[in-house]
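>>> Sequence first, then the predicted structure:
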Amino acid sequence: MTNSASIETLDTEAGDPGTTTFAVGLDIGGTKVLGVLLDADGTVLRSVRLPTVRGGDGVVRSATDVVQQLASDAGIGVTAIGSVGVGVPGLVDPLTGSVNHAVNLGIPGESFPLAARITDELCGPTVSVDNDLNVAALGASYALGPGSDDLAYLALGTGMAAGIVINGELRRGASGAAGEVGHIPIRPDGPVCACGQRGCVELYASGSGLARRWPSSGDVPAPLEIFAAAAAGDELAREIRADFGAALADVVRIITLSYDVERVVIGGGVTGLGPQLLELLREHLEVQARSSAFLASLKIGDRVSLAPNDVPIAAVGAALAGLRKD
Ligand SMILES: [Zn+2]
């Protein structure tokens, strides 16, 4: 095992150089599995998307089906794949590849041996499993290229959490909770969060937090409705949008002050808002910086960007994480 294996050195460090030339990354979500096949240069050669079959056995079958289809599409055998890296939403023991409480995948219990089960099915590649935000952070760091070794990938989805990369390595934390920034309380008098605390930032700056205050009336997601109504002058929408911007700026400031990362990359479903999200965030960061020369000197607004949407960063990051376990 080596932590220094990089995708550029796959052909010399990933086992038998004559047969293990390819790496696979799988992004397993609640509804679909997205798989990518990478060559030794880190180029995405193929991608395959299949529905996720829920439950432990179903997830194992979905994952192996995607790997086999990637190999078949590329005209190679599964034995030519040196490593399979997997990202899943849930608590993962990265050493054993066991998954705990992955409720979105229909794996509610403790310690389902996902890596071991996929290994048994595939008979060849080294299989590793990690949290989906961790692999997305690695994928974003890789996709953004030089200058992205210190990075936070902040996902605004149903909830809010971040993956942290420091010096090119994942920061998981002593108990795997590094990056659980959605549960930083910012309003002591706020509503009670599912975690038991009050006024957590994800109550104001996640998809569910926005939908809580502005239930979507139809097919358009709540964030888009709120921004459209705010632009049209609706007072409540303007208040929710302002709270959203302030909360997001708070969490970005906390991340930057904690880790001094070069970049904070915003991803997740709420980024469907597009550039107006970034504009709002920068406005609120600017307000913070106006009253603090210290904050102004950190130029936090220059560090934020939206996640690249031309690269499947979670699947690519899963492949990279798999290589590092090889
Ligand atoms: Zn909370």
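Thanks, I have it. In this text the structure is predicted, and so the values were computed from the model without any measurement.

>>> name the element Gly317 belongs to?
helix 313-325 (DSSP states H and E).

>>> Could you tell me the average pLDDT over that helix, please?
Averaged across helix 313-325, pLDDT comes to 92.

>>> Mind naming the longest helix for this protein?
As assigned by DSSP state H, the longest helix anywhere in the chain is helix 235-259.

>>> Now do the contacts for the closest residue to Glu262 other than its chain neighbours.
Of all residues not flanking Glu262 in the chain, Asp150 sits nearest, at 4.6 Å (C-beta to C-beta, 6 or more residues apart in numbering). (Glycine included, C-beta is placed from N, CA and C.) The neighbours of Asp150, taking C-beta atoms under 8 Å, 6 or more residues apart in numbering as the test, are 165-167, 259-263.

>>> ok, those vs the ion, which is closest?
Of all the contacts of Asp150, the ion sits closest to Tyr259, with 20.3 Å by C-beta to the ion.

>>> Do I have it right that that closest one meets Tyr153?
No - assessed by C-beta atoms under 8 Å, Tyr259 is found out of contact with Tyr153, at 12.0 Å.

>>> By mean pLDDT, point me to the weakest helix or strand of the chain.
Taking mean pLDDT, DSSP states H and E as the measure, the chain has helix 10-13 as its least confident helix or strand, at a mean of 38.

>>> list the helices and strands the helix or strand just after that helix packs on?
Once helix 10-13 ends, the next helix or strand along the chain (criterion: DSSP H and E) is strand 22-28. Using 3 or more C-beta pairs under 8 Å, 6 or more residues apart in numbering; DSSP states H and E, the elements in contact with strand 22-28 are strand 32-38, helix 56-74, strand 81-88, helix 132-144, helix 313-325.

>>> and the shortest one, what other elements does it pack with?
With contacts defined as 3+ C-beta pairs under 8 Å, 6+ apart, the secondary structure elements packing on strand 32-38 are strand 22-28, strand 44-51, helix 56-74, helix 313-325.

>>> where does the stretch 151-300 of the chain dip in pLDDT?
In the predicted model, the stretch 151-300 of the chain carries no residue with pLDDT under 70.

>>> got the contact list for Phe112?
Per C-beta under 8 Å, 6+ apart, neighbours of Phe112: 56, 98-100, 102.

>>> can you pick the most crowded of these?
Val99 (28 neighbours; other C-beta atoms under 10 Å).

>>> ok, the spatially most central residue of the chain to Val88 distance?
Nearest residue to the geometric centre of the chain (C-alpha atoms, centre = their mean): Leu133, 2.8 Å. As judged by C-beta to C-beta, to the nearest Å, Leu133 and Val88 stand 10 Å apart.

>>> same thing with Ala177?
Counting by C-beta to C-beta, the gap from Ala177 to Val88 is 17 Å.

>>> How is this structure partitioned into domains?
Here the domain parsing of the chain from the TED database is 22-137+312-323, 149-261+269-306.

>>> For the last one, what is the distance to the chain centroid?
Distance of domain 149-261+269-306 from the chain centroid (C-alpha atoms, centre = their mean, to the nearest Å) equals 15 Å.

>>> What is the end-to-end distance of that domain?
17 Å (C-alpha to C-alpha, to the nearest Å).

>>> That one and the ion in contact?
Yes - interface with the ion: domain 149-261+269-306 contributes 183, 193, 195, 197, 200 (C-beta under 5 Å from the ion).

>>> Reformat those as CSV; add secondary structure.
Compiled in CSV, the residues of domain 149-261+269-306 next to the ion are given as follows (DSSP: H, G, I helix; E, B strand; the rest coil):
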residue, secondary structure
His183, helix
Cys193, coil
Cys195, coil
Gln197, coil
Cys200, strand
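
>>> Excluding covalently adjacent residues, which one is nearest to Asp39?
Leu45 (5.5 Å).

>>> How about the contacts made by that neighbour?
Residues near Leu45 by C-beta under 8 Å, 6+ apart: 22, 37-39, 74.

>>> again, only this time at 7 Å
Residues near Leu45 by C-beta atoms under 7 Å, 6 or more residues apart in numbering: 37-39, 74.

>>> buried subset of those residues?
37-39 (16 or more other C-beta atoms under 10 Å).

>>> Closest to the ion out of those residues?
Looking across the buried ones among the contacts of Leu45 and measuring by C-beta to the ion, the closest to the ion is Leu38, at 36.3 Å.

>>> what residues does the helix holding Gly317 touch?
With C-beta under 7 Å, 6+ apart as the criterion, helix 313-325 contacts 1, 3, 5, 7, 10, 14, 23-27, 34-36, 38, 44, 83-87, 126, 128, 130, 132, 135-140, 142-143, 307.
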